[in-house]
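Asker: here is my input; please provide its structure:
(one chain, ligands or ions: 1)
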Amino acid sequence: MSAHPHPRVLVCGASGRLGQLLVPRLLARQARPRVFVRQAATARALWGDTVEIAQGCFEDAATLGKALVGIERLFLLSPISPALAEQQLRVVEAARAAGVRHIVKLSGSDWTIAPPGHSLSGDAHRRIEEGLQASGISHVVLRPNAWMQVGLSRIAGELRTGVVIRSQHLGAGVSYIDARDIADVAVEALLNPEAAQQRLGTATGPWVLTGSQALRPQKLAEIASRLMGRPITAAAPVAAAADPFIAQVHGEFFALMRAGHAAAVTATVGQVLGREARTVEGYLAEELGALAVAV
Ligand SMILES: NC(=O)c1ccc[n+]([C@@H]2O[C@H](COP(=O)([O-])OP(=O)(O)OC[C@H]3O[C@@H](n4cnc5c(N)ncnc54)[C@H](OP(=O)(O)O)[C@@H]3O)[C@@H](O)[C@H]2O)c1
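Answerer: Prediction:
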């Protein structure tokens, strides 16, 4: 891989939850992010003229090809949908044709991918990982556990109006990861993959990213009680998503979580970043801090 000190990185999904965390981190490291977005105005509102903007979509080969011109490294992310595998395999093929040297793929949680056959989105991510392997392009696959910013972000809203937090995995622990840690690891995987891999030792294959602790919802309620200064309990369940495909995917996730599959803890975040993973307590303190003052 070229050792260009300021590599040009195409970021897919830049305007999304993780992409919005990744782009400023790349800028801070003097990488040159080019963001692949469906609406240029969205990117301009987020980053002004600090990034290169490539307007397009995964379904439009011409915009994708143009976005990849001169790109050395690629961050590959797209949202869960029935098109997930096709979209990302199309990007991998276009990246190969464009001579991209290194790809970091944001994949599914480890327990959705292995063993196969339990999760529509996990199976799609597995197909993409296989396509990436077959492409021969240098790559790192990130398999993050459930994100705090998704699984726990609802809690502050619930506590604004009540004293109950709702969870789909009552009785089972989940080692939630802070999406900022995923973004920090993604930066290393993009800009310093060899050094990061060395810190991981001989382990090869996907980087399985988790928080430092698996917590049951009852424990989350205890933490919230402490932070809010009033008793809070955990209960099931939350309403299902309106989109039938997403509702099915979520149903699969929740069944696997309830069976304890999302509770594993890995040391990968600490090894790659040289510091501890951010904690659920810290995340909830930020989310609930303002609320505790307001009530
Ligand atoms: N949440 C979790 O706990 C978790 C755990 C493990 C893995 N993951 C994985 O994380 C990924 C989702 O990440 P996220 O939450 O950051 O995504 P997100 O917030 O839903 O953002 C999706 C991004 O993709 C862009 N996009 C959508 N369709 C596109 C298209 N046809 N062409 C080009 N761009 C398109 C969107 O751009 P626009 O601005 O144009 O809409 C947006 O920037 C999924 O692959 C999921 O499997 C999530």
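
Asker: I'd assumed residue 227 was in a helix, is it?
Answerer: Yes - counting by DSSP: H, G, I helix; E, B strand; the rest coil, residue 227 is part of a helix.

Asker: go ahead and confirm it touches residue 282.
Answerer: No - if you go by C-beta atoms under 8 Å, residue 227 and residue 282 don't touch, sitting 10.5 Å apart. For glycine as for every other residue, the C-beta is placed from the backbone atoms N, C-alpha and C.

Asker: more neighbours, the two?
Answerer: In this view residue 227 and residue 282 are compared by other C-beta atoms under 10 Å, and residue 227 has more residues nearby, 19 against 12.

Asker: that one: what's it in contact with?
Answerer: 281, 284-285, 288-289, 292 (C-beta atoms under 8 Å, 6 or more residues apart in numbering).

Asker: which residue in those residues has the weakest pLDDT?
Answerer: Lowest in pLDDT among these is residue 292, which has 60.

Asker: residue 79 is in contact with residue 150, correct?
Answerer: No - with contacts counted by C-beta under 8 Å, residue 150 stays clear of residue 79, the gap being 11.7 Å.

Asker: list the contacts for residue 31?
Answerer: Neighbouring residues of residue 31 by C-beta under 8 Å, 6+ apart: 6-9, 187, 190-191.

Asker: nearest to residue 237, of those?
Answerer: Relative to residue 237, the closest of the contacts of residue 31 is residue 187; by C-beta to C-beta it sits at 35.8 Å.

Asker: which residue packs closest to the closest one, ignoring adjacent ones?
Answerer: Spatial nearest neighbour of residue 187, excluding adjacent residues (C-beta to C-beta, 6 or more residues apart in numbering): residue 25 at 4.8 Å.

Asker: list the buried residues in the helix or strand hosting that neighbour.
Answerer: Element membership for residue 25, per DSSP states H and E: helix 17-28. Of all the residues in helix 17-28, those buried under the rule 16 or more other C-beta atoms under 10 Å are 17-23, 25-26.

Asker: these into CSV, with extra columns for pLDDT?
Answerer: Shown next, in CSV, are the buried residues of helix 17-28 (pLDDT from 0 to 100):
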residue, pLDDT
17, 98
18, 98
19, 98
20, 98
21, 98
22, 98
23, 98
25, 98
26, 98
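
Asker: tally of neighbours for the residue in the stretch 151-295 of the chain positioned nearest to the ligand?
Answerer: In the stretch 151-295 of the chain, the residue that lies nearest the ligand is residue 151 (6.1 Å; C-beta to the nearest ligand atom). A count of nearby residues for residue 151, using other C-beta under 10 Å, gives 21.

Asker: ok, residue 39 next?
Answerer: For residue 39, the neighbour count with other C-beta under 10 Å is 12.

Asker: local confidence estimate at it?
Answerer: Residue 39 carries a pLDDT score of 98 in this model.

Asker: relative to residue 46, how far out is it?
Answerer: From residue 39 over to residue 46 the distance is 11 Å, taken as C-beta to C-beta, to the nearest Å.

Asker: who touches both of the two?
Answerer: Both residue 39 and residue 46 are in contact with residue 15, where contact means C-beta under 8 Å, 6+ apart.

Asker: buried only: go through the contacts of residue 227 for me.
Answerer: Buried, going by 16+ other C-beta under 10 Å: 284, 288, out of the contacts of residue 227.

Asker: what's the closest non-adjacent residue to residue 199?
Answerer: residue 271 is the one closest to residue 199 (C-beta to C-beta, 6+ apart), at 5.1 Å.

Asker: what's the burial count for that neighbour?
Answerer: As a burial measure, residue 271 scores 16 neighbours (other C-beta under 10 Å).

Asker: that one touches residue 198, doesn't it?
Answerer: No - the pair residue 271 and residue 198 fails to qualify as a contact (C-beta under 8 Å) at a distance of 9.9 Å.
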